[in-house]
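Asks: Have a look; sequence and predicted model below, questions after that.
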Amino acid sequence: ASNTVYDAFGAIMMDPVLHIAIRLLLALIVAAALVHKLSDWRRFVGVVRSYAVTPVGAAVYAGAAVIAFELGVLGSLLFGGQILAAAASTALFGGYGLLIAFSIRRGNARIDCGCSWAKGAELTAGYYVRNFALACLCLVLAAPLAERALTWFDYSNAAFFAVNLAGLYFIADGLLHLRSLTRRA
């Protein structure tokens, strides 16, 4: 006998613990990005300006719009409905991926991507792939959920899983930044 749960249409349903863990992981990533941007506002506005997709004078407003959108995504991941969380977070990471790809394609890859804790991380295909993978993970949040009672153990497992995956995410981010530095040398 299989433990796989299917909905009425035969689609596989996601265990709610995995769903919670993914939402927490994405919320940690978005929260860290917000802290990163707000901790050095001038640098962040400079990064927005360097992408050259807005008029120079509008970089402050574009930066504020990015912060507002990230706050909305964070709220949707922590408190929003399943579809809202999936759509908002997919739009965020997918949008960042498209912006990176667009900038690289235009030959504007030697700028600080603004997507790493380390200053001066230049745009690379690795950052595009990372954002594309995150956007795909966000889409998983829209999968139908199996219904079952959750215990404190389920919630603690989801939190433990999310924190550990976030640690791996930030290690991978450091490796992407190192690659950017070696490319420059």
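Replies: Cool, got the structure. Quick caveat: nothing in here was measured; it's all calculated off a predicted structure. Residues are numbered from 1 along each chain as shown.

Asks: going forward, measure contacts and count neighbours with C-alpha atoms only.
Replies: Will do.

Asks: In the chain, which helix is the longest?
Replies: helix 152-184 (DSSP state H).

Asks: Packing partners of that helix?
Replies: helix 16-39 (3 or more CA pairs under 8 Å, 6 or more residues apart in numbering; DSSP states H and E).

Asks: pLDDT of stretch 173-185, averaged?
Replies: For stretch 173-185, mean pLDDT rounds to 70.

Asks: Could you say which helix or strand holds Arg148?
Replies: Counting by DSSP states H and E, there is no helix or strand that carries Arg148.

Asks: roughly how far apart are it and Ile171?
Replies: 34 Å (CA to CA, to the nearest Å).

Asks: Would you quantify the distance from the closest residue to Val48 other than its chain neighbours to Ser103?
Replies: Nearest non-adjacent residue to Val48, counting by CA to CA, 6 or more residues apart in numbering: Ala59, 5.8 Å away. In this view, Ala59 and Ser103 are 16 Å apart by CA to CA.

Asks: can you pull the alpha-carbon coordinates of stretch 145-153 into PDB?
Replies: Provided in PDB are the C-alpha atoms of stretch 145-153 (Å, rounded to 0.1, in the frame of the first residue of the first chain):
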ATOM      1  CA  LEU A 145      -2.500  20.100   0.000                       C
ATOM      2  CA  ALA A 146      -3.300  16.800   1.700                       C
ATOM      3  CA  GLU A 147      -5.500  17.300   4.700                       C
ATOM      4  CA  ARG A 148      -4.200  16.000   8.000                       C
ATOM      5  CA  ALA A 149      -3.900  17.200  11.600                       C
ATOM      6  CA  LEU A 150      -0.600  18.800  12.400                       C
ATOM      7  CA  THR A 151       1.200  18.500  15.700                       C
ATOM      8  CA  TRP A 152       3.900  20.500  17.300                       C
ATOM      9  CA  PHE A 153       6.400  18.000  16.000                       C
END
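
Asks: what about stretch 80-97, average pLDDT?
Replies: For stretch 80-97, mean pLDDT is 96.

Asks: what sits up against that stretch?
Replies: Residues outside stretch 80-97 that contact it (CA atoms under 8 Å, 6 or more residues apart in numbering): 26, 69-70, 72-73, 76-77, 127-132, 134-136, 138-142.

Asks: re earlier: tell me if the residue nearest to Val48 really is in a strand.
Replies: No: under the criterion used here (DSSP: H, G, I helix; E, B strand; the rest coil), Ala59 is helix, not part of a strand.

Asks: Isn't it up against Val45?
Replies: Yes: using CA atoms under 8 Å, Ala59 makes contact with Val45 at a distance of 5.9 Å.

Asks: which of Arg148 and Ile171 has more neighbours?
Replies: Neighbours per residue (other CA atoms under 10 Å) separate Arg148 from Ile171, with Ile171 holding more: 12 against 9.
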